[in-house]
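Engineer: Next comes the sequence, and after it the predicted model I'd like to discuss.
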Amino acid sequence: MKIHFIGIGGIGVSALSQYYLSQKAEVSGSDLVSSEITDFLKKKGAKIKIGKHSAKNVPHNANLVIFSPAVESTNPELLQAKKYKLTAKSYPEALGDLTKQYFTIAVSGAHGKSTTTSMISLVLVEAGLDPTVIVGTKLKEFGNSNFRAGKSKYLLIEADEWNASFLNYWPKIIVLTNIEREHLDYYKNLNHILKTFKEYIGHLPKDGVLVANGDDENISRLKIKDLRFKIKNYSLKQKEAIILKKILKVPGEHNVLNALAALTVARILGIPDTKIFKALSEYRGVWRRFDISKKTIAGKTITLINDYGHHPTEIKATLKATREKFPNKKILCVFQPHQYQRTFFLFNGFIDAFKTAPVDKTIITDIYSVAGRESTAIKKKVNSKKLTKAIAKKNIIYLAKDKITGYLKENIKNNDVVILMGAGDIYELNKSL
């Protein structure tokens, strides 16, 4: 079987390509730029072309062409696939087909999807359930991969709500971490988001289970009373929350909630508490989710944290957790806003998040532009200098990305904590440091 992936370096698409590699399929793909992910896939056996998309990259005899949701309809490889009359599916459509073949557990919500999926995966592995896992980050336990090939009936996926992608999925268990105003380049407003989530939850079968965060106000607004499936709520009010707070290596109330979701799913599957708590106590975090390392810069040893946080709620939770973990250290945050639309629509939320942030210094750099998802009109209305000025705090400054490394080398001191935050390429500063 031959499968070609357009935009193979994407975090979701790359995981799906690994699934087909594990099924002994012949995998080819293309992406505009090389990355750690494309290099990893090449080592796994994928044939990848880097650079401008070209019709020549598409095998005429491919059984299936899978493309990233970011790929536009005018993409030359997609057009060539249609010219060859090949079956072409978006990543969500292709993953949706797989969800019908397995006992699928789908983790959804505005925040915490990757961490919750990772926690559940490690619990299932500990219990010997041998799941296949597709997650939106890399796990050390999976050999620094965002995919795990299992041999059982269980498929665990991170189900994204952007573009209503999750409407393609048909899970037996849905985990719902939270609902918030997000992806406003697609959704009109919160009511549109709630309506779409409700439709998605309706995909559960008669014997399905909704595992929902009982503390989330917007989830309660869904008012789901469907007798076709079970609803299991989890909450910080549970006695297990105290136990989890003590045993978790990752800080913050938000991570206790993520662990409670994992605990609830595991109990539904009949996994003993001893195995659940063991797996959660050993969870070390994942790539770009409060990813901690020690670094020596200009002769000074610091704690460096890489974090994917890019929504005001995530920023608040992560910086609060950072202060809880390092109560007496100087904390410097470097933030790269992700996407002009998000920065524009959630502008006041970003102001509030950084005005109240318990850190000593914040550097805000230029907005990371997302190809195919930006509005030219909005790009003229918002930028990082405007955001910095609106926050109006002396300890918050704007710096161009190429100036940050030099600034840090001059200004950090021994034992300081530096957090690189954002969903763009800000983590690459790690290399220059």
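Structural biologist: Arrived safely. For clarity, every value in this text was computed on a predicted model and none was experimentally measured.

Engineer: Could you list everything residue 175 pairs with in the sheet?
Structural biologist: On the basis of DSSP bridges, residue 175 is bridged to residue 107, residue 211.

Engineer: okay but it is in contact with residue 116, surely?
Structural biologist: Yes: between residue 175 and residue 116 there is a contact at 6.2 Å, judged by Cβ atoms under 8 Å. Placement of C-beta: from N, CA and C, glycine included.

Engineer: List the buried residues of stretch 198-218.
Structural biologist: Buried residues in stretch 198-218, counted by 16 or more other Cβ atoms under 10 Å: 200-201, 203-204, 208-216, 218.

Engineer: quick one on the thing from earlier: so for residue 175 and residue 116, which residues contact both of them?
Structural biologist: 107, 109, 261 (Cβ atoms under 8 Å, 6 or more residues apart in numbering).

Engineer: Just the buried residues from those, in ChimeraX please.
Structural biologist: Those of the shared contacts of residue 175 and residue 116 that count as buried under 16+ other Cβ under 10 Å are selected in ChimeraX with:
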select :107,109,261
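
Engineer: Closest to residue 181 out of the shared contacts of residue 175 and residue 116?
Structural biologist: residue 109 (13.0 Å; Cβ to Cβ).

Engineer: how about the strands in the stretch 101-250 of the chain?
Structural biologist: Secondary structure of the stretch 101-250 of the chain (DSSP state E, counting those that start in this stretch): strands at 103-108, 132-139, 145-148, 154-158, 173-176, 209-213, 230-234.

Engineer: what does the stretch 301-433 of the chain give?
Structural biologist: With DSSP E, counting those that start in this stretch, the ranges of strands along the stretch 301-433 of the chain come out as 331-335, 361-364, 396-398, 417-421.

Engineer: low-confidence ranges in the stretch 151-300 of the chain?
Structural biologist: The model of the stretch 151-300 of the chain has pLDDT under 70 over residues 226-227.

Engineer: Apply 90 and report the result again.
Structural biologist: Residue ranges of the stretch 151-300 of the chain with pLDDT under 90: 162-163, 181-186, 223-228, 250-252, 284-300.

Engineer: what ranges do the helices span in it?
Structural biologist: Residue ranges of the helices in the stretch 151-300 of the chain, as given by DSSP state H, counting those that start in this stretch, are 190-201, 217-220, 240-247, 253-268, 273-281.

Engineer: Can you tell me which of those is most buried?
Structural biologist: Scoring those by mean neighbour count under mean count of other Cβ atoms under 10 Å gives helix 253-268 as the most buried, with a mean of 24.

Engineer: quick one on the thing from earlier: would you mind putting the strands of the stretch 301-433 of the chain into JSON lines with mean pLDDT alongside?
Structural biologist: What follows is those, written out as JSON lines (pLDDT from 0 to 100):
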{"stretch": "strand 331-335", "mean pLDDT": "95"}
{"stretch": "strand 361-364", "mean pLDDT": "95"}
{"stretch": "strand 396-398", "mean pLDDT": "95"}
{"stretch": "strand 417-421", "mean pLDDT": "94"}
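
Engineer: possible to save those as CSV with mean neighbour count and distance to residue 252?
Structural biologist: As requested, those are exported to CSV (neighbours: other Cβ atoms under 10 Å; distance: least, Cβ to Cβ, whole Å):
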stretch, mean neighbour count, distance to residue 252
strand 331-335, 24, 14
strand 361-364, 22, 18
strand 396-398, 17, 22
strand 417-421, 23, 13
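
Engineer: Which one, of these, ends up nearest to residue 141?
Structural biologist: Among these, strand 417-421 sits nearest to residue 141 (Cβ to Cβ), with 22.9 Å.

Engineer: Show me what that closest one is packed against.
Structural biologist: strand 300-307, helix 312-325, strand 331-335 (3 or more Cβ pairs under 8 Å, 6 or more residues apart in numbering; DSSP states H and E).

Engineer: now the angle between strand 331-335 and it, please.
Structural biologist: Interaxial angle, strand 417-421 versus strand 331-335 (axes from the mean of the first three to the mean of the last three Cα atoms, to 10 degrees): 20 degrees.

Engineer: what's residue 214 in contact with, if anything?
Structural biologist: Contacts of residue 214 were listed using Cβ under 8 Å, 6+ apart, and they are 220, 233, 234, 235.

Engineer: ok, 10 Å please
Structural biologist: Counting by Cβ atoms under 10 Å, 6 or more residues apart in numbering, residue 214 makes contact with 220, 231, 232, 233, 234, 235, 236, 237, 238, 257, 260.

Engineer: cool, residue 298 as well?
Structural biologist: By Cβ under 10 Å, 6+ apart, the neighbours of residue 298 are 408, 409, 410, 411, 412, 433.

Engineer: ok, and the most crowded of those?
Structural biologist: Within the contacts of residue 298, most neighbours by other Cβ atoms under 10 Å means residue 408, with 24 neighbours.

Engineer: roughly how far is stretch 32-47 from the heart of the chain?
Structural biologist: Mean C-alpha position of stretch 32-47 versus that of the full chain (Cα atoms, centre = their mean, to the nearest Å) differs by 20 Å.

Engineer: Only the buried residues of that stretch, if you could.
Structural biologist: Result for stretch 32-47 [16+ other Cβ under 10 Å]: buried residues 35, 37, 38, 40, 41, 46.
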